[in-house]
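Engineer: pasting a predicted model and its sequence here:
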Amino acid sequence: MRKTATGAALAALASAQFLVVLGNSIVNVALPQIRDGAGLSDGGTTWVVNAYGLVFGALLLAGGRAADLLGHRRVLLGGLAVFGAASAVAGLASSAGVLIAARAVQGLGAAAVAPAALAVVMDLFPPGPGRGRALGVWGAVSGAGGAAGVLLGGVLAQTWGWRALFFAVAAGTFTALLAVAAGTPQPRLRGGGRFDLPGTLTITVSLTSLVWGLSTARERGWSDGPVLGAFALAAVFGAMFVVAERRHPDPLVPPRLFKGGRVAAGNTLMTLFGSVWIALFFFLPLYQQQVLGEGPLLTGLGQLPLAGAVMAGSALAPRITARIGAFRALPAALLTEAAGMLWLSRISTGGSYLADVLGPSVLVGIGLSIAFIQLTELSLDGVAKHDSGLAGGLVNTTRQVGGAVGLAVLATLAGSLTARSSMPHPHALTDGYRAAFAASAAVLICTALLAAYLTRTTRDPGRKTTMRTIDETAPVIVRLSTTIDAPLDRVWALHTGIDAWPSWNTDIEQAALNGPVEPGSSFRWRTHGLEVTSTVYEVVPGERIVWGGPAGGIDGIHVWSFTADGDSVTVRTEESWSGAPVDAAAEQLGQALHESLESWLAALKGRAEQPA
């Protein structure tokens, strides 16, 4: 697709993701109006939120796998249709039962939309700067959706009533559906395999029980019989899921998903990160309304700086990552968010929005957005296209489950402190909120330390990592090798001394590296009159380096490996090219790439074998 076409497609996909987040967050501020208008009890009111989150979190894995089997675009369009129709029904609901049922169906549609939309994004944008920018947009709408929901919920509920919330979501969803249908390409291939029904049923029951138990524990207490029963049911069906996965020939969560890239590390970190994310948008509006005395509209407007900071952080994320490397950017972002949470832990009863909320909201928004982008990319790193829907469902699931756990624990912490306090009610509430924000900061600091540990090992030359490879579906693939009679250290230094490439490779006119040679760094080079910006994806010193990026409509992935044998080194290169120009002239461009790589290897051999 042309750049303008991919831009339009990304806008459509991002709007779908925005609506999924918005559909959950938009009701929070308007819950009192919804309770009175729909005739809900206090307990029933919580299910306006829980019904959506429960079904959404429980079915994300199934939605992602269905997208891989049936087609990412097809499932995305179907999910949007279900989500939009359920939103309209919620707005028309004449009883509490219909409203809660409609919210559950909204969650069902969202469970199809979220992983399928992310998978289409990964399909459209191969690894490189383009994908980094696309995930920046993804992070902006995902983070801003929570803040925007509070604002729009307050405005719509106060101006037109609570039904307008759902009608607005329905209108936006059907608009996004048309945009996705018109702006995203038909897929060439669909994933193979069979749907894992036993695995889907067992994990859905397990996750449903877990999320229900966590949500209910906030109201009934952790020792309540039904709550303990829900946790026991979650454990039993979780164990059944593990057994079912081992026996099924095409499991819902195949082991190969964790062998490619750093999926396990990314999802572990996303679980911890999610536990703080959802709690933030729960406690901050409560403090603004119940302690500072702001109304729904003013509370919503107060979220604008947070939303703006999220968008700013998302826009800056690719530049920050290119300058300091992905493995520094993630811990730094988490610590920035932690600093904002620590600032929020100093809120006071006699405070104000400007003194207590504005500054920390900006810090939190910037850190949250950059960390979310890094964790999403980490969780999808090295995943094959036919598993991208499932990987998208998994990373959304871990964030949702982490959010449910975090909110339950933090709400219990805040509630217990408030209940035990002998201070006036506003002071008691503030003490609880302060504790919740302080605990959130502690979780983020621990997550940052864990992120530094889990990601640093990719730069350890003694560690055998799962390797990133070329795009095996690309129209042009070239594989070549040569043996160089020179020490490995000399060959490696020449090949990774990017700034010096023009001094020994006449095909390269200029080259400039921005930062150290490590995953996430970038460099610019000019070859055959073409300006190229490449991102380093993987480095195993002395063994392997992988880089890639788009240039002139061509997306290239370059894999170089080095094997020492005494005083000689075998250098192997694998390159893949894809994109519209390649589709139009695959034979000619394949020959050009073959000649270029032959020349590169000959130049490297000639320089390395020269006397020192």
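Structural biologist: All right, it came through fine.
Engineer: which secondary structure element of this protein has the lowest mean pLDDT?
Structural biologist: Least confident element among the helices and strands of the chain, by mean pLDDT, DSSP states H and E: helix 256-259 (a mean of 71).
Engineer: what's it packed up against?
Structural biologist: Helices and strands touching helix 256-259, as assessed by 3 or more Cβ pairs under 8 Å, 6 or more residues apart in numbering; DSSP states H and E, comprise helix 388-420. To be clear about C-beta, it is placed using only N, CA and C from the backbone, and glycine gets the same treatment.
Engineer: the very next helix or strand once past the helix it packs on - what's its average pLDDT?
Structural biologist: As assigned by DSSP states H and E, the chain's next helix or strand after helix 388-420 is helix 425-456. For helix 425-456, the mean per-residue pLDDT is 91.
Engineer: identify each buried residue in the helix or strand harbouring Leu272, please.
Structural biologist: Under the criterion of DSSP H and E, Leu272 resides in helix 263-286. By 16 or more other Cβ atoms under 10 Å, the buried positions in helix 263-286 come out as 263, 265-286.
Engineer: now the host helix or strand of Thr573: how far from the chain's centre is it?
Structural biologist: Using DSSP H and E, Thr573 maps to strand 568-578. Computed by Cα atoms, centre = their mean, to the nearest Å, the chain-centroid distance of strand 568-578 equals 31 Å.
Engineer: and the next helix or strand past that strand?
Structural biologist: By DSSP H and E, the next helix or strand past strand 568-578 is helix 580-584.
Engineer: list the contacts of Leu108.
Structural biologist: Val55, Phe56, Leu59, Val82, Ala86 (Cβ atoms under 8 Å, 6 or more residues apart in numbering).
Engineer: if we can go back for a sec, and the very next helix or strand once past the helix holding Leu272, what does it pack against?
Structural biologist: Moving toward the C-terminus from helix 263-286, the next helix or strand (DSSP H and E) is helix 296-301. Packing contacts for helix 296-301, counted by 3+ Cβ pairs under 8 Å, 6+ apart, involve helix 129-159.
Engineer: quick check: angle from the helix it packs on to helix 388-420?
Structural biologist: Counting by axes from the mean of the first three to the mean of the last three Cα atoms, to 10 degrees, helix 129-159 points 40 degrees away from the direction of helix 388-420.
Engineer: buried residues in helix 129-159?
Structural biologist: The neighbour-count check on helix 129-159 (16+ other Cβ under 10 Å) flags 129-158 as buried.
Engineer: what does stretch 173-189 rub up against?
Structural biologist: Outside stretch 173-189, the residues touching it (Cβ under 8 Å, 6+ apart) are 1, 5, 8-9, 11-13, 15-16, 19, 71-73, 76-77, 80-81, 83-84, 87, 120, 123-124, 473.
Engineer: which SSE is the nearest residue in space to Asn505 that is not next to it in sequence in?
Structural biologist: Nearest residue to Asn505, sequence neighbours excluded (Cβ to Cβ, 6 or more residues apart in numbering): Ala603, at 4.5 Å. Here Ala603 sits within helix 586-608, counting by DSSP H and E.
Engineer: and the angle for that helix with strand 568-578?
Structural biologist: If you take the same axes, to 10 degrees, helix 586-608 sits at 150 degrees to strand 568-578.
Engineer: ok, back up a step: mind listing what the strand holding Thr573 pairs with, with the direction of each?
Structural biologist: strand 476-484 (antiparallel), strand 554-565 (antiparallel) (DSSP bridges).
Engineer: residues in contact with the last one?
Structural biologist: Read that as strand 554-565. 126-128, 130, 467-471, 474, 488, 491-492, 495, 534, 537, 542-550, 569-579, 581-582, 589.
Engineer: give me the buried entries from the contacts of stretch 173-189.
Structural biologist: 8-9, 12-13, 15-16, 19, 71-73, 76-77, 80-81, 83-84, 87, 120, 123-124.
Engineer: mind listing which of those residues are in strands?
Structural biologist: Counting by DSSP state E, no part of those is found in strands.
Engineer: just the ones in helices from the residues you listed, please.
Structural biologist: 8-9, 12-13, 15-16, 19, 72-73, 76-77, 80-81, 83-84, 87, 120, 123-124 (DSSP state H).
Engineer: residues in contact with Val121?
Structural biologist: Leu10, Leu13, Ala134, Leu135, Trp138.
Engineer: quick check: it vs Arg246, distance?
Structural biologist: Val121 sits 32 Å away from Arg246, going by Cβ to Cβ, to the nearest Å.
Engineer: equivalent analysis for Gly529, please.
Structural biologist: 55 Å.
Engineer: more neighbours, those two?
Structural biologist: Arg246 (10 against 6; other Cβ atoms under 10 Å).
Engineer: just to revisit the earlier point, any idea which of the strands paired with strand 568-578 is most buried?
Structural biologist: strand 554-565 (a mean of 19; mean count of other Cβ atoms under 10 Å).
Engineer: any stretches of the stretch 1-150 of the chain with poor pLDDT?
Structural biologist: Per-residue confidence for the stretch 1-150 of the chain (pLDDT under 70) gives these ranges: 1-5, 42-44, 126-130, 132, 143, 146-147.
Engineer: give me that answer again for 90
Structural biologist: 1-12, 14, 17-18, 20-72, 94-97, 114-115, 118-150 (pLDDT under 90).
Engineer: likewise the stretch 301-450 of the chain?
Structural biologist: 301-304, 306-308, 310-329, 350-351, 369, 372-374, 376-426.
Engineer: one more pass at 50, please.
Structural biologist: Of all residues in the stretch 301-450 of the chain, none has pLDDT under 50.
Engineer: pretty sure Val571 contacts Leu601?
Structural biologist: Yes - in this structure, Val571 is within contact of Leu601 by Cβ atoms under 8 Å, at 6.4 Å.
Engineer: out of those two, which sits in the more crowded spot?
Structural biologist: Set Val571 next to Leu601 and count neighbours by other Cβ under 10 Å: Val571 wins out with 22 against 19.
Engineer: tell me which residues touch the more buried one, please.
Structural biologist: Ser481, Thr482, Thr483, Ile484, Val491, His495, Trp560, Ser561, Phe562, Leu601, Leu604, Lys605.
Engineer: nearest to Thr506 among those?
Structural biologist: Leu604 (12.0 Å; Cβ to Cβ).
Engineer: surely the closest one and Thr496 touch.
Structural biologist: No - using Cβ under 8 Å, Leu604 makes no contact with Thr496, being 11.2 Å away.
Engineer: with neighbour numbers in mind, choose between these two.
Structural biologist: Leu604 (23 against 18).
Engineer: what separation do you get for the more buried one and Ser503?
Structural biologist: Applying Cβ to Cβ to Leu604 and Ser503 gives a distance of 12 Å.
Engineer: next: Gly293.
Structural biologist: Gly293 sits 68 Å away from Ser503, going by Cβ to Cβ.
Engineer: of the two, who's got more company?
Structural biologist: Between Gly293 and Ser503, counted using other Cβ under 10 Å, the more crowded position is Ser503 (12 against 9).
Engineer: distance check, the more buried one against Val478.
Structural biologist: Distance from Ser503 to Val478, by Cβ to Cβ: 25 Å.
Engineer: again with Ile557
Structural biologist: Taking Cβ to Cβ, one finds Ile557 at 11 Å from Val478.
Engineer: what do these two both touch?
Structural biologist: Joint contacts of Ile557 and Val478 (Cβ under 8 Å, 6+ apart) are Glu575.
Engineer: nearest residue to the middle of this structure?
Structural biologist: The chain has Thr376 as the residue nearest its centroid, 2.9 Å off, counting by Cα atoms, centre = their mean.
Engineer: and for it, nearest residue in space, chain neighbours not counted?
Structural biologist: With Cβ to Cβ, 6+ apart, the residue lying closest to Thr376 is Leu135, at 5.8 Å.
Engineer: is it true that the one you found touches Glu377?
Structural biologist: Yes - with contact defined as Cβ under 8 Å, Leu135 reaches Glu377; the gap is 5.6 Å.
Engineer: what's stretch 343-362 in contact with?
Structural biologist: With Cβ under 8 Å, 6+ apart as the criterion, stretch 343-362 contacts 284, 287-288, 291-292, 294, 302-303, 305-306, 308-309, 340-341, 363-364, 426-427, 430, 433-435, 437-438, 441.
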